[in-house]
Every structure is written in structure tokens, then in C-alpha cells.
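Q: one predicted model, sequence on top.
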Amino acid sequence: MIMHTSLLLCRILLLGFGNIAQALLPLLASRQEWMAQELSILPLITGIGTRRHGFFIHSQGIDAPQLVQTAQPLHFFINQPHIQQVTDAQTFLHTGKAAGATLLIELTTLHPQDGQPALSHIQSALAAGMDVITANKGPIAYAQAELQYLAQQQHVQLRFESTVMDGLPLINLHQFTLQAVGMQSFRALLNTTSSLVLSMIEQGNTLEAAIAKAQAVGIAEADPWYDLDGWDAVMKTTILANNLLSGKLSPSQVKREGIRALPADAIRAAAHAGAPIRLVSTGSYKDGTIMAEVGPQHITQDDILHVGKGTTSVISLETEAMGTVTLVEHEPVVIQTAYGVLSDLITILRQK
Ligand SMILES: NC(=O)c1ccc[n+]([C@@H]2O[C@H](COP(=O)([O-])OP(=O)(O)OC[C@H]3O[C@@H](n4cnc5c(N)ncnc54)[C@H](OP(=O)(O)O)[C@@H]3O)[C@@H](O)[C@H]2O)c1
């Protein structure tokens, strides 16, 4: 057992307390001892903010093992001593910073039209000198370059591994491992909800039942049509084009077609014929310009994307130095996204 008095404290603000944040707390709790031994750091949750429950700062901070002792960790932050309740997200960030928080984990709802208000949350946290981790695709798809410039100016980090393929190291792979590999193109199944819905329809379920299942396991966006109309995949495709292919795309430059209009009969017939339909993301260079798109495609048996079942996510990268590299994330649920957030946290803490 490590003495907590010998550890450096990392005070964290959690903005958004839905599926991912609730999966993150037990993971953080179970890795607390490891973080103490490996990094000599004790993470403390200094604030939690949500749209409906309110925004709370705990002046001392609470560690994750304590928070997960109850099924309702938010109760530690509501009507308790040491708690200050503030009115909005911006005040939450400034009050949290004043209470010693140095890191924001932004896990609010995706708004694919403009990435707001998460984009403003992240801007404010970076401007206040806080490191930021997010799984929210909107701010990164719309404003990664500007946010990273701000982070650089403030000598802090912005990390976003979980925005694409959850905790599977894709952004990290490119940044740390496959450096200067000469990335040429990617082709991928990135939207888990649409894969689940299509595979359930293939098995004879209704669209409504399939959406309900995706919501029950916590993988659907707050508005599941953002998944089925291809918006989620467009955000991810933009992020990949800008990171893997060094692009400067905005989401409006990614061609989008969702799966809303596909008749159930056609979905079942395609699967029956051995070439199921899936929502495919692609990015490549054409005449020096990056072309990126999202749309339904038949996945034939000899297609590299034909691996895995149900919600399995796959990405195949064409590279100059390493040929074809394919990564598969088998049937991800929320824990994989939470792990991506944890791995970003560890990366930031190691580099401090
Ligand atoms: N679920 C996944 O598998 C997955 C995978 C990768 C990335 N992501 C991304 O991760 C983020 C979180 O996902 P999730 O599944 O945890 O979402 P979720 O369950 O819908 O939870 C979203 C949380 O954000 C809060 N929120 C929304 N707008 C807010 C605002 N303006 N100010 C403060 N709080 C606000 C909500 O508060 P109230 O409940 O009080 O309204 C809720 O606590 C999303 O951006 C999503 O796209 C999710």
C-alpha cells in the first residue's frame, strides 16, 4: 500500500457525467494503486458538472475508489460539505481551476453541427492553463488546429484518443509509433451503432429494437440519428483525415450518406448473399488533395473489413513504409472509450 502523502495530486474536473464518465470512474479506481506506483500520482475528482444535475466543485477533491463505493457518485457532490455549486460550465471551469484543478475531462454530448458548447469548454480550459482530454468528436473535428495552437501557447496538452475507435491506439499509433510511415489512405468501419443496427436488422429485428439495444449498451449518441445518418462517422473521418493524412478538412468537406434510407429487405438480402452492408469511412489523396467520405458499402467476403461480427470496428491503413496495417476492435462497449480517456490521462501525466 502506497502512502498517499508521498504522492503528487492531480486534480481533475469532469464535465459531462454520462456513459463514458460513469465507466471511467471504476477504471480509474482500479488503476489508482498502479498510478501511485508507476507515476507517483493520486488523481482526485475536484468537480463534476452536468447540464441537468448542475455544476459542483469539491474543495478537497475525492478519489475514484471512494466515488465508486456508491451507485450514485454524484451524491458526493450534491448537498455535501466542501461543495460549491456554480451556475454554468464556464464558472465551473474557473472555480475548479481556483480550487487547484489542472486537467479537464470533457465528456459532454456531441453536437455535429458546430461542436459546441464543448468547443468553448475546451477553449476556456486550455486558455486557463489546464490540460484537456476529450472523447467528444465535435470540437476536434471542427477546431483541432486552433485548439492545439492554444494548448501549445499555454504549455498544456490536448488529447483525444477516444474520439475515434475508443481506446484502440490510433491517434497515438500515428503520433508515437508509426511515425513518418507515409500514410496514404484509410478505409474503416468507425460507427459502432450503425454496425449493430445493421447486424440486428439482418437477424430479423426491427430498426426500433436495434436502436433501443444500442442505447441500452451506451454506445449510441444522445440522438441516435447522428449515428445512422453518418454524422458521427463524418466527425471521425474528419479527425482521421486531419491526423493520419495531415489534412485540414472541416466536417462539411466529408461527403456523407447514412443508412436511414436503406430498406430492411435490402439489408437482409445483402447479408444473405454474403456481402452485408456497412457504413464505411474512407480517406485518401487524389491529385494531391485529400478526399474523404462516409457511406454504405457492400462488404464482400474477401474485403479486409469483413472481419469480426456485430459492432466490431475495423480500420485498414495503406502506408508507404509498412504496407497495409489493419486494426480490429472487437465489439467495443463503453469501457473501451473510458480506457482511451485513461490512457490519455497517463500520457499527459507521464510527460509532466
Ligand atoms: N458512448 C460511446 O460509446 C462513445 C464513444 C466515443 C466517444 N463518445 C463521445 O463521448 C462523449 C460522451 O459520451 P456519453 O456516451 O458519455 O454521453 P451521454 O451518456 O449522453 O452523457 C453526456 C453527458 O454530458 C452532459 N452534458 C451535455 N451537454 C452538457 C452541457 N452543455 N454542459 C454540461 N454537461 C452537459 C450530460 O448531462 P445531463 O445528463 O445532465 O444532460 C451528460 O452527463 C460524447 O461526445 C460522445 O460522442 C462516446
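A: That came through, no problem. Here the structure is a predicted model, which is why all the values come from computation and not from measurement.
Q: what about the closest residue to L317 other than its chain neighbours, neighbour count?
A: Leaving aside its sequence neighbours, L317 sits nearest to V325 (Cβ to Cβ, 6 or more residues apart in numbering; 4.6 Å). (Each C-beta comes from the backbone N, C-alpha and C, glycine too.) As a burial measure, V325 scores 15 neighbours (other Cβ atoms under 10 Å).
Q: give me the three-state assignment for V325.
A: strand (DSSP: H, G, I helix; E, B strand; the rest coil).
Q: give me the pLDDT for it.
A: pLDDT for V325: 97.
Q: which residues does it contact?
A: V325 makes contact with 178, 316-317, 319, according to Cβ atoms under 8 Å, 6 or more residues apart in numbering.
Q: just the pLDDT at whatever residue of the chain ends up closest to the ligand, thanks.
A: Minimum separation of the chain from the ligand (Cβ to the nearest ligand atom) falls at G18, amounting to 1.8 Å. pLDDT for G18: 96.
Q: for Q215, same thing?
A: For Q215, the pLDDT comes out at 95.
Q: now the strands: where do they sit in the protein?
A: 8-15, 41-50, 54-63, 83-86, 103-106, 131-134, 158-159, 183-189, 255-256, 277-286, 289-298, 313-319, 323-329 (DSSP state E).
Q: as a markdown table, these with distance to D223 would be great.
A: Formatted as a markdown table, these follow (distance: least, Cβ to Cβ, whole Å):
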| stretch | distance to D223 |
| --- | --- |
| strand 8-15 | 19 |
| strand 41-50 | 17 |
| strand 54-63 | 23 |
| strand 83-86 | 27 |
| strand 103-106 | 19 |
| strand 131-134 | 19 |
| strand 158-159 | 25 |
| strand 183-189 | 21 |
| strand 255-256 | 15 |
| strand 277-286 | 16 |
| strand 289-298 | 17 |
| strand 313-319 | 20 |
| strand 323-329 | 23 |
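Q: would you mark the buried spots in stretch 213-232?
A: Buried residues in stretch 213-232, counting neighbours by 16 or more other Cβ atoms under 10 Å, are found at 213-214, 217, 219-221, 224, 226-232.
Q: wait, does it contact the ligand?
A: Yes - using Cβ under 6 Å from any ligand atom, a contact is recorded between stretch 213-232 and the ligand, made by 218-219, 221-222.
Q: what does stretch 235-253 give?
A: No - on the criterion Cβ under 6 Å from any ligand atom, stretch 235-253 is out of touch with the ligand, staying 8.0 Å away.
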